[in-house]
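**Student:** how does the following fold in three dimensions:
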Amino acid sequence: MANKINDETIEYVGILAKLELTEEEKEQAKKDMEEMLSYIDMLNELDVSGVEPMSHVFPVNNVFREDIPSEIDGREDTLKNAPSEKNGGFEVPKTIG
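**Tutor:** A predicted model of the protein is given here:
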């Protein structure tokens, strides 16, 4: 299939891309777009009937671990590092007058 890009299409693409192209640049863009479309046509000829579609190149797995509740909360060990303790928590200096 011959892919031909007309001048109106190039003008429209230029407007969408906010480009001001010279006549030489428009001709080069037409040639480049025709080559891209030809390449896409070539890819469409491939038999991909047995290939599963994918959204990522690598397998995506859930990286989060299971949330397993435990009886130990570690509060005592944590409070051992506190400079001072009050009512089961850290005692901090007052910051607002």
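
**Student:** helix, strand or coil: sort out the nearest residue to Gly89 once chain neighbours are set aside for me.
**Tutor:** Leaving out its chain neighbours, the residue that sits closest to Gly89 by CB to CB, 6 or more residues apart in numbering is Leu79, at 7.7 Å. (Glycine included, C-beta is placed from N, CA and C.) The three-state label given to Leu79 by DSSP: H, G, I helix; E, B strand; the rest coil is helix.

**Student:** what's the separation between Leu79 and Gly88?
**Tutor:** Distance of Leu79 to Gly88, given as CB to CB, to the nearest Å: 8 Å.

**Student:** more neighbours: which of those two?
**Tutor:** Leu79 (13 against 8; other CB atoms under 10 Å).

**Student:** what about the helices in the protein?
**Tutor:** All helices of the chain, identified by DSSP state H, fall at 7-16, 23-44, 75-80.

**Student:** returning to that earlier point: surely the residue nearest to Gly89 and Phe90 touch.
**Tutor:** Yes - between Leu79 and Phe90 there is a contact at 7.4 Å, judged by CB atoms under 8 Å.

**Student:** on that earlier part again, residue contacts, the residue nearest to Gly89?
**Tutor:** If you count contacts by CB atoms under 8 Å, 6 or more residues apart in numbering, Leu79 has them with 85, 88-90.

**Student:** and it, how close does it get to Gln28?
**Tutor:** Distance from Leu79 to Gln28, by CB to CB: 71 Å.

**Student:** swap in Ser84?
**Tutor:** As judged by CB to CB, Ser84 and Gln28 stand 74 Å apart.

**Student:** higher neighbour count, these two?
**Tutor:** Higher neighbour count among Ser84 and Gln28: Gln28, with 12 against 9, using other CB under 10 Å.

**Student:** any weak-confidence spans in the chain?
**Tutor:** Along the chain, segments meeting pLDDT under 70 span 1.

**Student:** may I have the phi/psi pair for the most centrally placed residue in the chain?
**Tutor:** The C-alpha lying nearest the average C-alpha coordinate of the chain belongs to His56 (CA atoms, centre = their mean; 10.3 Å). Main-chain dihedrals, His56, degrees, to the nearest 10: phi -140, psi 150.
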